[in-house]
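Peer 1: Pasting the sequence and the predicted model now:
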Amino acid sequence: MRRSPILIALSFVFVISSTLLHAQDARQSVKNIEDYRGIAGQLIEAATGDSTAFDRLGYFVDTFGPRFSGSQNLENAIEWVLGEMKADGLENVHGEPVMVPHWVRGKESLTLLEPRMSPLQMLGLGGSIATPAEGISAEVFVVQSFDDLVAHADQAVGKIVLYNVPFTSYGKTVRYRTQGAVHAAKAGAVASLVRSVGPVSLYTPHTGNSHYAEDTPKIPHAAITVEDAMMMQRMQDRGQKIVVRLKMEAKMLPDAPSRNVVAEIVGREWPDEVVVMGGHIDSWDVGQGAMDDGGGCIAAWEALLLMKKLGLRPRRTVRVVLWTNEENGTSGAKAYRDAHSENVKNHILGIESDSGVFKPTGFGFTGSDQAFTIVEAIGRLLDPIDAGDIQRGGGGADIGPLMRLGVPGMGLQVDESKYFWYHHTNADMLDKLDPKELNLSAATMAVMSYVVADMPQRLPRETTTTSN
């Protein structure tokens, strides 16, 4: 329906008025934020006073180990967390049901047959199909990019394609893991291997999720170490024939029941308005998932506990969610969005920690300019621990469904210099983390979530208009 010029003019007046009002509220909020410096100091002092959070993380990962979707380990861990949260005296502690994918690795191996016999380390990639029981024995064809594969596709037919792609950044390099099987199958390969996605290796293969296309045959897909990928590249460059035998028992079972974990401190004035923060409670089926993302879960949980210990009850509700199935499906994130769809308009902010709990530097934020001004001012309360840097652009996979509905989002930013050394490997264990850095991560999340939840004004969203 075509709108009249008068209605169009009135809509623009409304937008301009709303923008000016939000800007005025933002200026007032910034002025008020300095009043929270004392509380911020209390939260930081309480967070850094002992090793309670690290001790809890240690028990969590040592007792339950890797927590892959569909596994009993994950469900046992969820049950323990729910019990502990209730014992902590947190409010509205409960699990919210989610159906999650259930991929099982099974036994797997990779053996170099030519030019010599040698077992090689490998990890099947999530979602991969199995090989035949006897395995696949074939020549390896090494490529350095998708374009390289296309240019030499005739050499890939009937072979196992290996993507020997050096790590530049996770976003640029991970596509060979997620899409490698599809491109290799299109070229006629019988299986595909990928150089593990990481900048440093001590002969540690990295797993992770992968995908197939409906119009392309499915072939087995696995990761090998950086060292072996480079070795095969050298062999091929010399003109040597490379033959391997790949065996994988991987299979996809029916979806399994799981839960998101939820706990709160209910707001004293506007309990229906929510600041949500958390990490993902599932992990891959290797290592302990201490860094990815047990530490993020414990940091968010501890942030809520710090408020309780100090007797702080903000105006709005602060809700911790430990999402399930981030690693191979984000079913928990989608289920949370659907379960709380009627209250999305009252989700003030989403905060996610999923980059490891190394030394925090601040947050990446996605939202309106007025909201950025406010959270930037809150960041200054974290300057005493050098965690107050607020940058534009941030969020996370688990708050992504909320952000796409307009909820402002932010991701905890940390020193990630060693994160991808251990990401999705057997080396993701507790010893890679530091108790002091975990405490600082909890303090950073506590200050940001509390102040946003307690401010007299709501964190403003982007102003949008609709047309008929």
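Peer 2: Great, that's in hand.

Peer 1: Can I get the strand or helix carrying Arg234 in CSV, CA atoms only?
Peer 2: Assessed by DSSP states H and E, Arg234 sits inside helix 226-238. Output of helix 226-238 as CSV, limited to C-alpha atoms (Å, rounded to 0.1, in the frame of the first residue of the first chain):
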residue,chain,number,x,y,z
VAL,A,226,50.5,-29.7,10.2
GLU,A,227,53.7,-31.7,10.2
ASP,A,228,52.3,-34.5,8.1
ALA,A,229,50.6,-32.2,5.7
MET,A,230,53.9,-30.4,5.1
MET,A,231,55.7,-33.7,4.7
MET,A,232,53.3,-34.9,2.0
GLN,A,233,53.7,-31.6,0.2
ARG,A,234,57.4,-32.2,0.1
MET,A,235,57.0,-35.7,-1.1
GLN,A,236,54.7,-34.6,-3.9
ASP,A,237,57.0,-31.8,-4.9
ARG,A,238,59.8,-34.4,-5.2
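
Peer 1: where along the stretch 101-250 of the chain do the strands fall?
Peer 2: Ranges of strands in the stretch 101-250 of the chain, per DSSP state E, counting those that start in this stretch, are 108-114, 118-120, 122-124, 136-143, 160-163, 191-195, 221-224, 243-248.

Peer 1: So which other helices or strands are in contact with the longest one?
Peer 2: For strand 136-143, the elements it packs on are strand 160-163, strand 191-195, helix 226-238, strand 243-248, judged by 3 or more CB pairs under 8 Å, 6 or more residues apart in numbering; DSSP states H and E. From N, CA and C alone the C-beta is placed, and that goes for glycine too.

Peer 1: what's that strand in contact with?
Peer 2: Contacts to strand 136-143, defined as CB atoms under 8 Å, 6 or more residues apart in numbering, come from residues 113, 149, 152, 155-156, 158-164, 189-191, 193, 220, 229, 232-233, 236, 241-247.

Peer 1: swap in the first one?
Peer 2: Here strand 108-114 makes contact (CB under 8 Å, 6+ apart) with 117-124, 135, 137, 193, 222, 224, 240-250.

Peer 1: Can you pull the domain assignment for the chain?
Peer 2: 31-103+254-454, 106-249 (automatic domain parsing).

Peer 1: Need the winner for burial among those domains.
Peer 2: Stretch with highest mean neighbour count among the domains of the chain: domain 31-103+254-454 (a mean of 21; mean count of other CB atoms under 10 Å).

Peer 1: Quick check: mean pLDDT of it?
Peer 2: The pLDDT scores in domain 31-103+254-454 average 98.

Peer 1: For the closest residue in space to His280 that isn't next to it in sequence, give me its contacts.
Peer 2: By the measure of CB to CB, 6 or more residues apart in numbering, the closest residue to His280 outside its immediate chain neighbours is Glu326, 3.4 Å from it. With contacts defined as CB under 8 Å, 6+ apart, Glu326 is in contact with His280, Asp282, Asp293, Gly332, Ala333, Asp354, Ala397, Asp398.

Peer 1: I'd like these as CSV, with secondary structure and distance to Phe365 appended.
Peer 2: As requested, the contacts of Glu326 are exported to CSV (DSSP: H, G, I helix; E, B strand; the rest coil; distance: CB to CB, whole Å):
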residue, secondary structure, distance to Phe365
His280, strand, 20
Asp282, coil, 26
Asp293, helix, 20
Gly332, helix, 23
Ala333, helix, 19
Asp354, coil, 15
Ala397, coil, 16
Asp398, coil, 16
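
Peer 1: which among those residues gets closest to Thr204?
Peer 2: Asp293 (18.7 Å; CB to CB).

Peer 1: roughly how far is whatever helix or strand Phe372 lives in from the heart of the chain?
Peer 2: Phe372 belongs to helix 369-379 when elements are defined using DSSP H and E. Its chain's C-alpha centre and that of helix 369-379 lie 24 Å apart, by CA atoms, centre = their mean, to the nearest Å.

Peer 1: For that helix, enumerate the helices and strands it packs against.
Peer 2: helix 5-33, strand 360-366, strand 389-392, helix 435-454.

Peer 1: ok, the spatially closest residue to Ala47 that is not a sequence neighbour to Met85 distance?
Peer 2: Leaving aside its chain neighbours, Ala47 sits nearest to Ala443 (3.6 Å; criterion: CB to CB, 6+ apart). Distance check for Ala443 against Met85: by CB to CB, to the nearest Å, it reads 20 Å.
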